[in-house]
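In: sequence first, then the predicted structure:
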Amino acid sequence: MTTGESTAARLHIVVPYRDREDHLRQFVPWVSAYFDRLAQPIDYRVTFVEQEAGLPFNRGALKNAGFLLGEGQSDYVCLHDIDYLPADADYSWADCPTPILWYGAELRPVAPGRSDRTVTTNLESTMGGALLMPNAAMRQVDGYSNLFWGWGYEDFDFSLRIRARRIPTGRRKGRFQPLDHVNDGFTPDAAPSPISLVNRRVFQELWSSGKIPAGDGLSSLSFEVLDRRPCDGCVEGAQDRWEIVRVRFAHAPTPEQAAADGTQA
């Protein structure tokens, strides 16, 4: 895409989702109104990819599914967590992988109301929160790994997929309003949770050879769309841009991941 064409680039915002209705009710009207106020309009649509109940949450596979659902109608994607609301962030076309989350992500509670412990984010290196990806770059890295069930390490793995291929990256220092929630990656005293420790071992095994893992990502994901429904709470005229798609994956976690997450595989 050339510079002149970038102003007409179509953005697809993909939000992995399950059991966060309070955040959903805040995210939809906030982000809808935010895009409605932009001085330079962006042709955008939003897909919440909702995972059916019964298995541990798989953010990487949900992001892959969302990308595949909208690839043909978009030029670039924003892989967006539901717990960050933009206050001043640039979602315009990016010609390389570009995180836009900065202010608002520095320090987050691990268990609001149960603990005063916090965790910090390395803002110089994180690829999580809100990440712009040209569709071609998403294809080049084969998307996210589908192997991280429960919590953790899919973003670390994705970052390595990009850097190992020496793909240039950008960074925009967007300002966001965070929505607090219990962080499944930590215990209330800020120690790594059992599922985080299991996924760390999965991550280490994937990269133990020193080579880029292959055959796990967009190219290997199999899923079924169970239903689709519109989102409530959009600003007038934006309703057609927002959708919730519930999916079922054809693969399952390892017994160790299911046990650590507290879910039976």
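Out: Here it is on my side, so go on. Residues are numbered from 1 along each chain as shown.

In: drop to CA atoms for contacts and neighbour counts, all remaining ones
Out: OK.

In: now Asp261. Nearest residue, chain neighbours left out?
Out: Ile195 (5.4 Å; CA to CA, 6 or more residues apart in numbering).

In: would the one you found count as being in a strand?
Out: No: counting by DSSP: H, G, I helix; E, B strand; the rest coil, Ile195 falls outside a strand, being helix.

In: how about it, what does it touch?
Out: 150-152, 185, 257, 260-261 (CA atoms under 8 Å, 6 or more residues apart in numbering).

In: from those residues, which land in helices?
Out: 257, 260-261 (DSSP state H).

In: of the residues you listed, grab the buried ones for ChimeraX.
Out: To isolate the buried ones among those in ChimeraX, judged by 16 or more other CA atoms under 10 Å, type:
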select :257,260,261
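
In: closest to Ala105 among the ones in helices among the contacts of Ile195?
Out: Nearest to Ala105 among the ones in helices among the contacts of Ile195, counting by CA to CA, is Asp261 at 24.8 Å.

In: now the strands for the stretch 1-150 of the chain?
Out: 10-17, 43-51, 76-80, 84-88, 98-99, 101-103, 107-109, 118-120, 130-134 (DSSP state E, counting those that start in this stretch).

In: now the shortest one, how far from the centre of its chain.
Out: For strand 98-99, the gap between its own C-alpha mean and the chain's C-alpha mean amounts to 12 Å (CA atoms, centre = their mean, to the nearest Å).

In: tell me who's in contact with Asp227.
Out: 245-247.

In: so how far is Arg166 from Gln177?
Out: Distance, Gln177 to Arg166, by CA to CA, to the nearest Å: 32 Å.

In: who has more neighbours, these two?
Out: Between Gln177 and Arg166, counting by other CA atoms under 10 Å, Gln177 is the more crowded of the two (14 against 9).

In: in this structure that one contacts Tyr84, no?
Out: Yes: using CA atoms under 8 Å, Gln177 is in contact with Tyr84, at 5.7 Å.

In: A helix includes Ala252, no?
Out: No: using three-state DSSP, the assignment for Ala252 is coil, not a helix.

In: burial measure for it, as a count.
Out: 15.

In: now the phi/psi pair for it, please.
Out: The phi/psi pair for Ala252 (degrees, to the nearest 10) reads phi -140, psi 160.

In: any idea how far Arg228 is from the closest residue to Pro213 other than its chain neighbours?
Out: Nearest residue to Pro213, sequence neighbours excluded (CA to CA, 6+ apart): Leu206, at 6.2 Å. To Arg228, Leu206 is 34 Å away according to CA to CA.

In: likewise for Asn122?
Out: For Asn122 relative to Arg228 (CA to CA), the value is 36 Å.

In: thanks a lot, see you next time.
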